[in-house]
Structures are given as C-alpha cells and as structure tokens.
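Participant: Give me the fold of what follows.
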Amino acid sequence: MNEYLDLSEEVRDAIGRGAPVVALESTIISHGMPYPRNAETAIAVEARVRESGAVPATIAIIGGRLKAGLSEAEIRFLGERGHAVAKVSRRDVGRVVAAKADGATTVAATMIVAEMAGIRVFATGGIGGVHRGAELTMDVSADLDELGRTSVAVVCAGAKSILDIAKTLEYLETKGVPVVVYRGDEFPAFYTSKSGIKAELRMDSAAEIASMIKAKWSLGLSGGVVVANPIPVEYEMQTAVIDAAIEKALKEAAAAGVRGKDVTPFMLAKVKDLTGGDSLESNIALVMNNASLASALAVEYSRL
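Facilitator: Purely as a prediction, here's the structure:
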C-alpha cells in the first residue's frame, strides 16, 4: 500500500475480504454542485451504494493524504469549502500531497487512487473528453489518457454534452479503451440518453460487463473501461433545451476567457442557471443511477 494512502476502516475491511467496493470522486462535491446540495448528494450516493450491496469509497486528498473512504464530516468539509479546494487531476497529485493541502479528485485522479487501493469499479457523473474546438485549443481532458493506462471500470452517463462526443469516442478508441453502453443503442450524452452516435458495444447485464472486464485484465490488457449508463428517461432533458443552453454558455465562456480545467465547472454552473436548475436535478439523478449500476458491477466482479 502506498505510504501516502489512507483507507477508511470500512474500505480496508471490504478490500481485505474481497467484498465489492465502489470508488466515488470528490470533484463533484467541491466543484460540481452548490453547497449544501453537493454534500447531501455525496452522502446519498454513498447510501445508494450500500443499499445496492457494495461499500462506497469516496476519494479525495485531505491534508496531503490520499483518502479512499471519507467520513461524513470530511464530505461536508469538502462541500462547504467548495472551490477553495484544489481541483486535482494526475498532474496535480504530487504538488497537493507535498503541500499537505486539500484536493477534490477528478475522474483521472480518482482512478489513480482507486487502482492504488485495489478498487476496480468507479461511479461518476460523466467523463471528461475532447472539448469543442480542440483542433485549435488542444483542450483534451486528462481523463482520456488515464482511461488508456489505469485499470479501473468507470460507470458514467457518457460524456458531458458540452464536449465533442464524436472526437471523444475516437480518442478512446485510439487509446484501446472499450466503451460499453448499458441497455442502450446510442452513446449517452449526460443530460440525455441520445447523442446521435451509435453504440459500438451494447450489454444488458452487470454480469456480462463484469465477465468482459475480467477477461480484458486477465489477458494482461491494462487500462480502463467506460460503462456508459443512460440517464433515466424521467430525468432526461429535451435535446433542444440543453443544446441551446450549452451554446449560450460556450459563448459566455469564450467571452470571459475561461480555459483549461475551469471550463467544465463554469459550463455546468451556467447551464444550471440557464435551465432554471433543471440540469442540476438531472445531474443528481444520473449520479444516483450510476452508483446503482456500479454497485451491481462491483458485486458481479467480486464473484469472479
């Protein structure tokens, strides 16, 4: 075990028994939602994982320590501090640890800590990807390279619809990352189950996905797997509404000179405002849905 890594007693015990564990990120707490909904949602997601037969391991950096498994007080601490907590991807981990600072982990950083701890399944909202206009800005999320190298299955609602989804899928193919759509024929676009892009691989059960993942890793094929889980129909947003909000938010981001890791939180906040808060409710619903599927996947994988 890494000298900088702390496991909660619950997570340590589960890993030791070979019980199913689901990693959860912390950027969604500090940078994804306003307080107190962020902390309330994180606590509810942990409860959903437990109800579904797995142990939750929310991951963050606190006081320079990598944490897999947070207390409720630590979750509320991250929620209250919000953007004052550093947003941490792969490049930032060493700096934040050395400074004994606090960090909310992105998909990439959460995958790193999860693999370090021996956790194979991770539930998040949506993965990062290739941003619109990346041919000029070179703005490509570090999540994609991490998926190419780190052996963790990431259950998500697809790629955020603020991204160039077609280019994101091409990038994942280049990196050798399998992309499975759960019970859907199109790759989902976060707020909606429809992106207009046909699913390359559809699977209809957690057991089927677990068998594929085990075969991949047993063959020595390192790297992650994307399990795209469409948002529940009752929480989907109308494509025209969300597209209009995204277009307006993109223009505002460009006018404000927002770049790099600040783009996604800026866009999510703007889209929430432009949709009258509807996008926040959809965001919470899809995260809960992903926690359920990730738990089922972790249970099936632990049986194998």
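
Participant: rest of the way, CA atoms for contacts and neighbours
Facilitator: Noted.

Participant: Rounded mean pLDDT for stretch 198-214, please.
Facilitator: Averaged over stretch 198-214, pLDDT sits at 98.

Participant: mind listing what's buried in that stretch?
Facilitator: Applying a neighbour-count criterion of 16 or more other Cα atoms under 10 Å, one finds 199, 201, 202, 203, 206, 207, 209, 210, 212, 213 buried in stretch 198-214.

Participant: swap in stretch 96-108?
Facilitator: For stretch 96-108, the neighbour count (16+ other Cα under 10 Å) marks 96, 97, 102, 103, 104, 105, 106, 107, 108 as buried.

Participant: just to revisit the earlier point, using JSON lines, please lay out the buried residues of stretch 198-214 together with distance to residue 279.
Facilitator: Compiled in JSON lines, those are given as follows (distance: Cα to Cα, whole Å):
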{"residue": "199", "distance to residue 279": "24"}
{"residue": "201", "distance to residue 279": "28"}
{"residue": "202", "distance to residue 279": "26"}
{"residue": "203", "distance to residue 279": "27"}
{"residue": "206", "distance to residue 279": "27"}
{"residue": "207", "distance to residue 279": "31"}
{"residue": "209", "distance to residue 279": "29"}
{"residue": "210", "distance to residue 279": "31"}
{"residue": "212", "distance to residue 279": "33"}
{"residue": "213", "distance to residue 279": "32"}
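
Participant: just checking, which of the residues you listed belong to strands?
Facilitator: Residues of the buried residues of stretch 198-214 located in strands (DSSP state E): 202, 203.

Participant: hang on, the earlier thing: can you pick out the most distant pair from the buried residues of stretch 96-108?
Facilitator: Across those, the longest distance by Cα to Cα is 17.5 Å; it joins 97 and 107.

Participant: Are we agreed that residue 248 is in a helix?
Facilitator: Yes: counting by DSSP: H, G, I helix; E, B strand; the rest coil, residue 248 is part of a helix.

Participant: ok, now how distant is it from residue 271?
Facilitator: Distance from residue 248 to residue 271, counting by Cα to Cα, to the nearest Å: 9 Å.

Participant: neighbour-wise, which of those two wins?
Facilitator: It is residue 271, of residue 248 and residue 271, that has more neighbours when counted by other Cα atoms under 10 Å, with 25 against 14.

Participant: That one touches residue 245, doesn't it?
Facilitator: Yes: at 5.6 Å, residue 271 counts as touching residue 245 under the criterion of Cα atoms under 8 Å.

Participant: So for residue 1, what's the pLDDT?
Facilitator: Note for residue 1: predicted pLDDT of 60.

Participant: for the stretch 101-250 of the chain, what spans make up the helices?
Facilitator: Using DSSP state H, counting those that start in this stretch, the helices of the stretch 101-250 of the chain run over 107-117, 134-137, 142-149, 165-174, 206-218, 239-256.

Participant: quick one on the thing from earlier: now render the buried residues of stretch 96-108 as JSON lines, adding pLDDT.
Facilitator: Formatted as JSON lines, these follow (pLDDT from 0 to 100):
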{"residue": "96", "pLDDT": "98"}
{"residue": "97", "pLDDT": "98"}
{"residue": "102", "pLDDT": "98"}
{"residue": "103", "pLDDT": "98"}
{"residue": "104", "pLDDT": "98"}
{"residue": "105", "pLDDT": "98"}
{"residue": "106", "pLDDT": "97"}
{"residue": "107", "pLDDT": "98"}
{"residue": "108", "pLDDT": "98"}
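
Participant: Looking at those residues, spot the one nearest residue 13.
Facilitator: Using Cα to Cα, those come closest to residue 13 at residue 105, 22.9 Å.

Participant: Tell me what that closest one is bridged to.
Facilitator: Applying DSSP bridges to residue 105 gives these bridge partners: residue 88.

Participant: in this protein, which residue is closest to the centre?
Facilitator: With distances taken as Cα atoms, centre = their mean, residue 124 lies nearest the centre of the chain, 2.9 Å away.

Participant: can you tell me which residues contact the nearest residue to that one once chain neighbours are set aside?
Facilitator: Excluding the flanking residues, the one nearest residue 124 by Cα to Cα, 6 or more residues apart in numbering is residue 156, at 5.3 Å. Contacts of residue 156 were listed using Cα atoms under 8 Å, 6 or more residues apart in numbering, and they are 123, 124, 125, 126, 127, 226, 227, 228, 229, 287, 290.

Participant: quick one: residue 156 and residue 299, what's the gap?
Facilitator: Going from residue 156 to residue 299 by Cα to Cα gives 17 Å.

Participant: again with residue 197
Facilitator: Using Cα to Cα, residue 197 is found at 30 Å from residue 299.

Participant: Could you verify my assumption that residue 123 touches residue 21?
Facilitator: No: contact between residue 123 and residue 21 fails when scored by Cα under 8 Å: they sit 10.5 Å apart.
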